[in-house]
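**Q** sequence and predicted model, in that order:
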Amino acid sequence: MHRMPIALTVAGTDPTGGAGVLADSKAFHSRGVYGMAAVTSLTAQNTMGVQDVFNVPAEFLEKQLESIFSDEVPHAMKSGMVATIDMMVVVANMVEDYNIPFVIDPVMIATSGDALIEEESIEFLRSTLLPAALTVTPNIHEAEKITGHKIEKEADVRKAARIFLDEIGVHSVTIKGGHLEGDAVDYLFTHEDTVILSEPRIETSHTHGTGCTFSAVMTAELAKGKTLEESFRLAKRYITSAIRNSPGIGKGNGPVNHFSFREEQVHE
Ligand SMILES: Nc1ncnc2c1ncn2[C@@H]1O[C@H](COP(=O)(O)OP(=O)(O)O)[C@@H](O)[C@H]1O
Ligand SMILES: Cc1ncc(COP(=O)(O)O)c(N)n1
């Protein structure tokens with residue numbers, strides 16, 4: 001029997017498969033990791049926007065997590081869309097009980113601009129959930145919302161990182177610069193050092209689910225026992241390939257290709 005590393009995602013669904021648990025599961029699988037998923041919310045969405053959201057009751061999220069953890073403890077986990085404080089409490093309790101690498105993608109708004117979590121839950125996210133993570137992976141808008149500061153250039157990214165590390169008390173923060181101008185530059189800040197990764201910007205509107213996919217790949221690598229920096233570097237290479245080879249699905253902001261990086265490596 002060959003035991004595979006296991007990664008768990010705690011996130012919402014996107015029935016068109018570009019974001020949320022479906023995207024995470026594809027990313028886990030393509031990295032050779034066995035994927036599990038506990039669903040927080042069902043969304044009715046597509047590449048054009050979010051048409052509706054149905055939040056799972058927090059007690060039922062808890063039941064899903066109990067089913068998983070009483071059977072197998074994953075080697076790493078991530079959270080995506082966690083819409084309410086009650087659901088955040090359930091996730092925070094679970095993380096406290098099991099000491100596994102935990103990546104928080106602080107999903108707040110979809111690429112289309114639609115809100116995905118309750119405004120009141122943001123303070124709870126800041127005070128309780130974020131300090132429990134090994135790393136938190138905000139995009140520029142999420143970093144602005146969490147720190148309360150506008151981010152336009154690298155100096156602002158560095159200031160935001162100080163707030164995450166010194167005031168919020170995160171272990172590390174991975175700030176994704178996909179929404180800034182110029183090259184696609186991402187930053188990993190820990191208390192000890194900073195790693196900056198840059199790739200030329202790809203001219204495309206097909207970036208639906210990039211954040212979900214990026215954090216899922218980091219989680220998959222952590223599940224294999226890779227370091228935070230190794231996981232960050234791999235996720236950057238993976239997402240660049242995934243965006244470059246997007247499958248052109250839908251009428252709006254289409255999804256990325258979760259398998260192109262793997263195919264490139266097979267042919268290397
Ligand atoms: N047009 C692009 N070209 C190349 N890389 C991109 C592009 N847009 C986003 N990325 C990369 O995709 C990842 C997700 O970033 P971002 O778009 O900032 O987050 P989110 O999907 O959460 O909004 C990051 O690694 C970012 O640098
Ligand atoms: C269920 C769900 N979770 C997350 C996102 C954000 O997606 P992105 O990765 O584009 O920020 C989404 N649109 N839907």
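**A** Structure received. Residues are numbered from 1 along each chain as shown. Ligands and ions are numbered 1, 2, ... in the order given.

**Q** can you show me the strands along the stretch 1-150 of the chain?
**A** Using DSSP state E, counting those that start in this stretch, the strands of the stretch 1-150 of the chain run over 6-13, 34-46, 49-55, 76-79, 102-104, 135-136.

**Q** residue in the stretch 1-150 of the chain with the shortest distance to ligand 1?
**A** At 3.5 Å from ligand 1, residue 139 is the closest residue in the stretch 1-150 of the chain, using Cβ to the nearest ligand atom. Where you see a C-beta, it was placed from the backbone N, CA and C, and this is true even at glycine.

**Q** for that residue, list each beta-bridge partner.
**A** Applying DSSP bridges to residue 139 gives these bridge partners: residue 176.

**Q** rewinding a little: redo the strands of the stretch 1-150 of the chain as TSV? Include distance to ligand 2.
**A** Listed next are the strands of the stretch 1-150 of the chain as TSV, based on distance: least, Cβ to the nearest ligand atom, whole Å:
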stretch	distance to ligand 2
strand 6-13	3
strand 34-46	5
strand 49-55	7
strand 76-79	10
strand 102-104	13
strand 135-136	14
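
**Q** thinking again about what came up before, report how many residues lie close to the residue of the stretch 1-150 of the chain closest to ligand 1.
**A** Using other Cβ atoms under 10 Å, residue 139 is surrounded by 25 other residues.

**Q** go on, residue 252?
**A** Neighbour count for residue 252, taken as other Cβ under 10 Å: 15.

**Q** quick one: secondary structure of it?
**A** Recorded secondary structure, residue 252: coil (DSSP: H, G, I helix; E, B strand; the rest coil).

**Q** pull out the buried positions in stretch 238-257.
**A** Judged by neighbour count (16 or more other Cβ atoms under 10 Å), stretch 238-257 contains these buried residues: 238-246, 249, 253-257.

**Q** and stretch 97-107, by the same measure?
**A** Applying 16+ other Cβ under 10 Å to stretch 97-107 flags 100-107 as buried.

**Q** thank you, goodbye.
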